[in-house]
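**Q** okay, predicted coordinates and the sequence, questions at the end:
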Amino acid sequence: MSGFVEKPEPMQVPGLVHLHTGKVRDLYRNEAGDLVMVASDRMSAYDWVLPTEIPDKGRVLTQLSLWWFDQLRDIAPHHVISTELPEGAPADWAGRTLICKSLQMVPVECVARGYLTGSGLVEYDASRTVCGLALPEGLSDGSELPAPIFTPATKAAVGEHDENVSYEEVARQVGADTAALLRRTTLDVYARARDIARDRGIILADTKFEFGFEGETLVLADEVLTPDSSRFWPADRWQPGRAQPSYDKQFVRDWLTSAESGWDRRSEQPPPPLPEQVVEATRAKYIEAYERLTGVSWA
């Protein structure tokens, strides 16, 4: 059992129809038929949406996504139409709301990996493969791969876990031409973002994208290259063979699995509220990632 510890009630805004409450984002449709995507401050870990929010998290994700969309626009068009706040929306939506095109979404999480860690490391240790792709011997946690790889996953519902799938399975689901386009675009976007991050002293270990079609055009959607969808590591502290320090929710994961939390992730009990120091440390890491990547002060 997993999902929301406390599922929020959707905000009622004149002219907007609530479509979906995700782990982090709430999705609405406006009267013009466009999507209105609102990034909350909710935090998820181990397939649970936690009862404690991280202040400013939704704004950081939104503003960082907008910055990246601008950096990537010559490789892949994006889905953002406007950042204007819908009439009648609460003031708290400012800075965390995007008006987006309604796309025909591709039901695949498009993951690019340049380094070995996470679920890829688990598979590699068992079979020397990741998503069925053979990798050389001698790699360890944090190792740079010989070349970036496309390792797609199924898109899971709230409370369920994304599952890695083979490229062949993606081709079976969406067609060979679309699968090839997804792989090529994913790796092109990753390469651009990896180089930009590297220039700022950050390693982009892996990341996931979502795409949709506007007619025949493949469009980059959802969030992009944020600490929620990517692993960012400080380059000056990179050391293969161990878990890397990162700009993400690692403070949350570490506390939840510590004796202090008293929570057993293998149980069916929901995780407890986060202590203030974990909230503050996590918020600081998200803001640090934003500032280092964009060169803009958050304050």
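**A** In hand now; what should we look at? Numbers count the residues shown, from 1 in each chain.
**Q** following the longest helix anywhere in the chain, which helix or strand comes up?
**A** Among the segments of the chain that qualify as a helix by DSSP state H, the longest is helix 176-199. Downstream of helix 176-199, the first helix or strand assigned by DSSP states H and E is strand 202-214.
**Q** ok, that next one: who's next to it in the sheet?
**A** Applying DSSP bridges, strand 202-214 is found paired with strand 104-105 (antiparallel), strand 108-115 (antiparallel), strand 217-221 (antiparallel), strand 230-234 (antiparallel).
**Q** buried residues, it. List them.
**A** 202-212 (16 or more other CB atoms under 10 Å). For glycine as for every other residue, the C-beta is placed from the backbone atoms N, C-alpha and C.
**Q** same question, stretch 98-109
**A** Buried, per 16+ other CB under 10 Å, within stretch 98-109: 98-101, 103, 106, 108-109.
**Q** swap in stretch 69-84?
**A** 69, 71-72, 76, 78-80.
**Q** got JSON lines for the residues you listed, with distance to residue 290, pLDDT and secondary structure too?
**A** Formatted as JSON lines, the buried residues of stretch 69-84 follow (distance: CB to CB, whole Å; pLDDT from 0 to 100; DSSP: H, G, I helix; E, B strand; the rest coil):
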{"residue": "69", "distance to residue 290": "14", "pLDDT": "98", "secondary structure": "helix"}
{"residue": "71", "distance to residue 290": "14", "pLDDT": "97", "secondary structure": "helix"}
{"residue": "72", "distance to residue 290": "17", "pLDDT": "97", "secondary structure": "helix"}
{"residue": "76", "distance to residue 290": "21", "pLDDT": "96", "secondary structure": "coil"}
{"residue": "78", "distance to residue 290": "18", "pLDDT": "98", "secondary structure": "strand"}
{"residue": "79", "distance to residue 290": "21", "pLDDT": "98", "secondary structure": "coil"}
{"residue": "80", "distance to residue 290": "17", "pLDDT": "98", "secondary structure": "strand"}
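**Q** turn those into CSV, including distance to residue 277.
**A** Listed next are the buried residues of stretch 69-84 as CSV, based on distance: CB to CB, whole Å:
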residue, distance to residue 277
69, 33
71, 34
72, 35
76, 39
78, 36
79, 37
80, 35
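**Q** greatest separation within the residues you listed: which pair is it?
**A** Maximum pairwise distance in the buried residues of stretch 69-84, criterion CB to CB, is 15.5 Å, between 71 and 79.
**Q** check contacts around the residue found closest to residue 190 once you drop the neighbours it is linked to in the chain.
**A** Nearest residue to residue 190, sequence neighbours excluded (CB to CB, 6 or more residues apart in numbering): residue 112, at 3.6 Å. For residue 112, the contact set (CB atoms under 8 Å, 6 or more residues apart in numbering) comprises 148-151, 186-187, 189-190, 206-209.
**Q** closest one to residue 232 out of those residues, please.
**A** Checking the contacts of residue 112 against residue 232 with CB to CB, the nearest one is residue 207 at 8.9 Å.
**Q** the closest residue to the closest one other than its chain neighbours: how many residues sit nearby?
**A** For residue 207, ignoring the flanking residues on the chain, the nearest one in space by CB to CB, 6+ apart is residue 230 at 3.8 Å. The tally of other residues near residue 230 (other CB atoms under 10 Å) stands at 26.
**Q** having no further points to raise, I will conclude here.
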